[in-house]
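K.L.:
Provide a 3D model corresponding to the input given below.
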Amino acid sequence: MEISAEALKTTFEGFKKSEVPAGTEFISGKVRDIFDKGDQLVIATSDRISAFDRVLSTIPFKGEILNRLSLFWFGNTGNIVANHIAERITARTVAVKKCEVLPVEVIVRGYLTGSAWRDYQDGKAISGIELPAGMKMNQKFDVPLLTPSTKAEMGEHDLPISCKDIVETGLVEEGLWRQVEKAAVDLFNYGSETLAKRGLILVDTKYEFGLLDGKLVIVDEMHTPDSSRFWYADTYMELFEAGEKQRKIDKEYLRQWLMEEKNFMGQGENPEIPDEVRAEVSRRYISAYEQITGEDFVPESLSPADEIKAISDYLKK
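P.N.:
The predicted structure follows:
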């Protein structure tokens, strides 16, 4: 799909405070704008993109793709665990039931890569899990690992924590935590089996859970390029045996460009992102959507002005 000049100009940057209806509580995160509607939250996924903890630019269709991907997965996993979705408002905006979100993120890892590989090389346990000696980069685990982390304040880094410590410190009650563990592994296995049919490997992913009327639900997003790592299955073994990097679907392209072309890793002023780079990132998100869902991506996004109006009208109901 070609990214037009018009698409590059009309990305959805999100709400300005002056555009929020009077009396509505509003939080603007790195990517999502959240509005409190009493027993519901309205979540608009903007086209903002961040790297190195900085919001740097906007990417055409990114918010729509992330929202539609999450809805795709939420719609297919209700038999595993309920979710917080109440209503789809637009292609990028949903109303969700207000939940008591648990104070930990649950990362499920199928392969020894990323920060887990770096910790392993340094002789560290992975969220309290001691791995056997002699493992190699990108090696598949016999069973997926749960490696939770605590949720840091804005601008801080999440910290790994063991499942045992989560229970012993009272962050999550033991019976509830066992439900979380089962739901996370079942979601990961379902995602892995579904993606294997598309020629993809679900390498690792992040889940967030909450309580709704005392029952466990999954919240936030699921199996998107922002929350997960995906590799191509057809070249996995060849590259693994050669000790080479895997072919992947994620937003690493932008991070690499920033490091290599701008020598930027989060310090100093934000660099300007040229349109050709923004377009390439957009194409990669579109490709991810199509490969993950098996469907062509046909944009449904409203113009920024129409999106703001649709959300504002919903908030006033």
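K.L.:
which ones are touching the closest residue to K215 other than its chain neighbours?
P.N.:
In space, and not counting its chain neighbours, K215 is closest to A82: 6.6 Å by CB to CB, 6 or more residues apart in numbering. All C-beta spots, glycine's among them, are computed from the backbone N, C-alpha and C. Counting by CB atoms under 8 Å, 6 or more residues apart in numbering, A82 touches L212, K215, L216, V217, I218.
K.L.:
got the contact list for the spatially most central residue of the chain?
P.N.:
By CA atoms, centre = their mean, the mean C-alpha position of the chain lies nearest to S227, the distance being 2.4 Å. By CB under 8 Å, 6+ apart, the contact list for S227 reads T205, K206, D220, E221.
K.L.:
among the residues you listed, which pair sits farthest apart?
P.N.:
T205 and D220 (11.4 Å; CB to CB).
K.L.:
more neighbours: which of the two?
P.N.:
Comparing T205 with D220 by other CB atoms under 10 Å, the one with more neighbours is T205, at 24 against 19.
K.L.:
next up, phi/psi of that one, please.
P.N.:
phi -160, psi 160 (degrees, to the nearest 10).
K.L.:
on the pLDDT front, check it for me.
P.N.:
We have a pLDDT of 97 for T205.
K.L.:
any idea how far it is from T147?
P.N.:
From T205 across to T147, the span is 11 Å (CB to CB, to the nearest Å).
K.L.:
mutual contacts of the two, please.
P.N.:
With CB under 8 Å, 6+ apart as the test, T205 and T147 both reach I107, V108.
K.L.:
can you tell me which residues contact T93?
P.N.:
V42, I43, A44, T45, N67, E307, A310, I311, Y314.
K.L.:
now swap in F141 and tell me
P.N.:
F141 neighbours (CB under 8 Å, 6+ apart): R109, G110, Y111, L112.
K.L.:
what's it sitting at in phi/psi?
P.N.:
According to degrees, to the nearest 10, F141 has phi -80, psi 150.
K.L.:
low-confidence ranges, the stretch 151-300 of the chain, go.
P.N.:
152-157, 250-251 (pLDDT under 70).
K.L.:
please enumerate the helices of it.
P.N.:
All helices of the stretch 151-300 of the chain, identified by DSSP state H, counting those that start in this stretch, fall at 163-168, 174-196, 236-242, 252-262, 275-293.
K.L.:
counting by contacts, list what the last one packs against.
P.N.:
Under the contact criterion of 3 or more CB pairs under 8 Å, 6 or more residues apart in numbering; DSSP states H and E, helix 275-293 touches helix 5-9, helix 62-76, strand 248-249, helix 252-262.
K.L.:
output those in TSV, with mean neighbour count and distance to L171 appended to each entry.
P.N.:
Formatted as TSV, the helices and strands packed on helix 275-293 follow (neighbours: other CB atoms under 10 Å; distance: least, CB to CB, whole Å):
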stretch	mean neighbour count	distance to L171
helix 5-9	12	43
helix 62-76	22	25
strand 248-249	19	32
helix 252-262	15	31
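K.L.:
would TSV of the ones you listed with distance to Y285 be doable?
P.N.:
Below are those laid out as TSV (distance: least, CB to CB, whole Å):
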stretch	distance to Y285
helix 5-9	12
helix 62-76	5
strand 248-249	9
helix 252-262	10
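K.L.:
hmm, back to that, distance check, the residue nearest to K215 against D165.
P.N.:
Taking CB to CB, one finds A82 at 27 Å from D165.
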